[in-house]
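Visitor: need a structure here:
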Amino acid sequence: MDEHVALAEEADPREAIAALLPRLRRFARSLAGDQADADDLVQVAIERALRNIDRYARGTRLDSWMFRVLKNAWIDEARARGRRAKVLAPAEAGESVGDDAAGAMEAKLELRAVETAMQALPEEQRLAIGLVCVEGLSYREAAEALDIPVGTLTSRLARGREALAALLGGAS
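Guide: Residues are numbered from 1 along each chain as shown. Presented below is the predicted three-dimensional model:
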């Protein structure tokens, strides 16, 4: 009589499953190709087998039953991977997702800080910076729009830039 058949007939199936571990791991490795995935697969198969031990027919080959449980666990895993592949982007597609989101969030936070700092400036400095730095007007155009001399615009810009730098943590 085959050693595995005799083991299954004489021993408690729960104890006999432990003796099958090396064979189950080899079979799982042949299915999964990766040792870590194979170990996970064996764990799933053993959990299923122990949960459904009442379905094991005493006197039949325990190894065959365990291989079938393991094969079914592999089929379930392969189906789940197929569904995940249809629903989720591949892992490689997500490698830079956090970088882009973090960069966008950082840019939003910086913009918010600049907006807050701009609101803290006196109105004449805020207007000068808004026209020259934000709208891109020349000094002469901005001075004309504000109806002030270019020298006044220049001094307001200088004081406004210093204040912004101080508010934003840059050079004072």
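
Visitor: residues near Gln125, how many?
Guide: With neighbours defined by other CB atoms under 10 Å, the count for Gln125 comes to 21. (C-beta placed from N, C-alpha, C; glycine too.)

Visitor: Pretty sure it sits against Arg159.
Guide: Yes - the criterion here is CB atoms under 8 Å, and Gln125 meets it with Arg159 at 5.8 Å.

Visitor: Near Ala19, how many other residues are there?
Guide: 15.

Visitor: For Ile148, see how far away it is.
Guide: When CB to CB, to the nearest Å is the yardstick, Ala19 and Ile148 sit 93 Å from each other.

Visitor: And for Ala158?
Guide: For Ala158, the distance to Ile148 (CB to CB) stands at 14 Å.

Visitor: Neighbour count: those two, which is higher?
Guide: Ile148 (16 against 12).

Visitor: Dump the helix or strand Asp40 falls within to CSV, restricted to CA.
Guide: Using DSSP states H and E, Asp40 falls within helix 35-51. This file holds the C-alpha atoms of helix 35-51, laid out as CSV (Å, rounded to 0.1, in the frame of the first residue of the first chain):
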residue,chain,number,x,y,z
GLN,A,35,8.1,31.0,-3.8
ALA,A,36,6.3,33.7,-1.9
ASP,A,37,3.2,33.3,-3.9
ALA,A,38,3.5,29.5,-3.6
ASP,A,39,3.7,29.8,0.2
ASP,A,40,0.6,32.0,0.2
LEU,A,41,-1.2,29.5,-2.0
VAL,A,42,-0.3,26.6,0.3
GLN,A,43,-1.5,28.6,3.3
VAL,A,44,-4.8,29.3,1.6
ALA,A,45,-5.2,25.6,0.6
ILE,A,46,-4.5,24.4,4.1
GLU,A,47,-6.9,26.8,5.6
ARG,A,48,-9.6,25.7,3.2
ALA,A,49,-8.8,22.0,3.8
LEU,A,50,-9.0,22.4,7.5
ARG,A,51,-12.2,24.4,7.3
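
Visitor: what's that helix in contact with?
Guide: 14, 17, 21, 24-25, 28-29, 31-32, 56, 65-66, 69-70, 72-74, 77 (CB atoms under 8 Å, 6 or more residues apart in numbering).

Visitor: Buried residues, that helix. List them.
Guide: Judged by neighbour count (16 or more other CB atoms under 10 Å), helix 35-51 contains these buried residues: Ala38, Leu41, Val42, Val44, Ala45, Ile46, Arg48, Ala49.

Visitor: Now the fifth one. Nearest residue, chain neighbours left out?
Guide: Closest residue to Ala45 in three dimensions, ignoring its sequence neighbours and counting by CB to CB, 6 or more residues apart in numbering: Leu70, at 3.9 Å.
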